[in-house]
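S.K.: structure of the sequence below:
(2 chains)
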Amino acid sequence: MAFEVRFEDSRTRARVGRLTTPHGAVETPVFMDVGTLGTVKALEPRDLEELGTQVVLGNTYHLLLRPGAEVIAAAGGLHRFMRWDGPILTDSGGFQVFSLARMRQITEEGCRFNSHIDGHEFFLGPKESMAMQRVLGSDIAMVFDECLPYPCARERAEKSVEQTLRWARRSKEEPHAEGQQVFGIVQGGIHDDLRRHCAEELVAIGFDGYAIGGVSVGEPEEFMYRAVEASVPFLPKDSPRYVMGLGVPHQMAECVARGVDMFDCVIPTRIARHGTAITRHGNVAIKAAKWTFDPGPVEEGCDCYCCRNFSRSYVRHLLACDEILGLRLLTIHNVRALNRFMEEMRSAIAGGTFSEWKEQIRKETTNNE
RNA sequence: GCGGGAGUAGAUCAAUUGGUUAGAUCAACAGAUUGUGAUUCUGUGGGUUGCGGGUUCGAGUCCCGUCUCCUGCC
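M.R.: A predicted model of the protein is given here:
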């Protein structure tokens, strides 16, 4: 079995596990860094290693457009192309169908797009997506799905779930790379019965892991937790569960308490580029003038390269001047901050103190500064 | 000393040859960002138009005086 549950919390559904992939083992719960175009923006693979990043995400849609399947194939796959030897998870492009909705035309076979770069028409469906992910050679491939917006009428959600299930079956049937795992994606919006139905049907098809999609798309926080609660009980206990697109610390803690093992999000790298640091006491705008003379690190007690060596004053200065190093240093910090957060979480679960830890996190991170 | 030019938001500059509530950009401040079309986006505050008079229905704009800076000449 590729996934092994090693500790289970007695009071919640939280668990510590290990996911084995062709490029190494992954300790869960895990936060995965988004590297859409074959790079975690501003970081090098050696940075990621030092920061304790376990999995990097790649994106089928974006890599298909640029540089294209031929280039990746010629390089021998995404690992070799981007020089990351750790596990890679590739998104199917399904989310782009949703986020680039204006340009779409959906058929049973998939989705017709116009490239956002040069307008060229192209097509992405379960067949094309799996073929591309096979070329990419990711350790984990995601099925091609439709991500529903919020809010969404029930009738539309029903049809969409059936479409997602048909696409999931076809995604499973397509050939995959050697050792490549395939994860199904539970959709269903905020409708509990649709979530359950979708989960059960996916389990019947049989996947290596199961994602919960269509959350953190603008719905209230409680709806997000409810979507997780409506899905997890119908997923196998011995398979990894992955909430897609989520990376706010206390939200991840809440989802882990509901049985989730994996997360990914653009938040740490994006807000770093926008001048905001993630800390144990909430987000801090390092760009703010009040740090102009501040000699302290971005976050007190952080072990990252940025915090070990540089002052808030310096990082603020770099950001104010739009220096590349500013984006890099703050990205280093934010990635490390979330990885430390997950390390703490795993220790708390293994040590039997998860509930107390989660409560403390909720208090600390909601009080901004 | 004489001549010329310039003084408008924290900074750099606008304001149709006198016409509504003096704008823009940057900075400041606040907010957003959740399977990246994001070094992005949104919003807020901020002015005794150097100062003092005058002309006019009305002055950043015209006139007088004054202060400061720049520049040229003796």
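S.K.: show me what from the stretch 101-250 of chain A comes close to RNA strand B.
M.R.: Counting by C-beta under 7 Å from any atom of the strand, the positions of the stretch 101-250 of chain A adjacent to RNA strand B are A:102-103, A:116-117, A:142, A:145, A:147, A:185, A:211, A:213-214, A:216-218, A:221, A:244-248. Quick note: C-beta positions are derived from backbone N, CA and C, even for glycine.
S.K.: give me the below-cutoff pLDDT ranges for the stretch 51-200 of chain A.
M.R.: A:98, A:100-104 (pLDDT under 70).
S.K.: RNA strand B contacts on the stretch 251-369 of chain A?
M.R.: By C-beta under 7 Å from any atom of the strand, the residues of the stretch 251-369 of chain A that approach RNA strand B are A:251, A:264-267, A:269-271, A:273-276, A:283, A:285, A:287-290, A:320, A:322, A:324, A:327, A:368.
S.K.: using ChimeraX, define a selection of the buried residues within the residues of the stretch 101-250 of chain A next to RNA strand B.
M.R.: Those of those that count as buried under 16 or more other C-beta atoms under 10 Å are selected in ChimeraX with:
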select /A:142,145,147,185,211,213,214,216,217,244,245,246,247,248
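S.K.: mind checking the SS state of the residue nearest the centre of chain A?
M.R.: Centroid check for chain A by C-alpha atoms, centre = their mean gives A:Asp264 as the closest residue, at 1.6 Å. Assigned with DSSP: H, G, I helix; E, B strand; the rest coil, A:Asp264 falls in the strand class.
S.K.: so it touches A:Phe31, yeah?
M.R.: Yes - look at A:Asp264 against A:Phe31 with C-beta atoms under 8 Å: they come within range, at 7.2 Å.
S.K.: what's the overlap in contacts for these two?
M.R.: Counting by C-beta atoms under 8 Å, 6 or more residues apart in numbering, the shared contacts of A:Asp264 and A:Phe31 are A:Gly247.
S.K.: where exactly do the helices run in the stretch 51-200 of chain A?
M.R.: Ranges of helices in the stretch 51-200 of chain A, per DSSP state H, counting those that start in this stretch, are A:60-65, A:69-75, A:78-82, A:94-99, A:126-136, A:154-173, A:192-205.
S.K.: and the strands in the stretch 151-300 of chain A, which stretches?
M.R.: For the stretch 151-300 of chain A, strands defined by DSSP state E, counting those that start in this stretch occupy the ranges A:181-186, A:209-212, A:241-243, A:262-265, A:276-279, A:282-285.
S.K.: oh, that last question was meant for the stretch 1-150 of chain A, not what I typed.
M.R.: Using DSSP E, counting those that start in this stretch, strands in the stretch 1-150 of chain A cover A:3-8, A:15-21, A:24-28, A:30-34, A:56-59, A:88-91, A:105-107, A:110-114, A:121-124, A:140-142.
S.K.: which among the residues of the stretch 251-369 of chain A next to RNA strand B end up buried?
M.R.: Buried members of these, counted by 16+ other C-beta under 10 Å: A:251, A:264-265, A:267, A:269, A:271, A:273, A:275-276, A:283, A:285, A:287, A:327.
S.K.: max pairwise distance over those: which two?
M.R.: Largest separation among these by C-beta to C-beta: A:Asp264 and A:Lys287, giving 25.6 Å.
S.K.: show me what contacts the closest residue to A:Val26 other than its chain neighbours?
M.R.: Leaving aside its sequence neighbours, A:Val26 sits nearest to A:Leu19 (C-beta to C-beta, 6 or more residues apart in numbering; 4.3 Å). Each residue near A:Leu19 by C-beta under 8 Å, 6+ apart is listed here: A:2-3, A:25-26, A:28, A:30, A:209, A:240, A:261-262.
S.K.: residue of the stretch 51-200 of chain A closest to RNA strand B, please.
M.R.: When scored by C-beta to the nearest atom of the strand, the stretch 51-200 of chain A has A:Cys147 as its residue closest to RNA strand B, at 2.4 Å.
S.K.: distance check, the residue nearest to A:Val26 against A:Gly209.
M.R.: As judged by C-beta to C-beta, to the nearest Å, A:Leu19 and A:Gly209 stand 8 Å apart.
S.K.: one more: A:Thr28?
M.R.: According to C-beta to C-beta, A:Thr28 stands 10 Å off from A:Gly209.
S.K.: cool, and A:Trp291?
M.R.: 42 Å.
S.K.: for the residue nearest to A:Val16 when sequence neighbours are not counted, give me the pLDDT.
M.R.: Nearest non-adjacent residue to A:Val16, counting by C-beta to C-beta, 6+ apart: A:Phe7, 4.2 Å away. Note on A:Phe7: pLDDT of 98.
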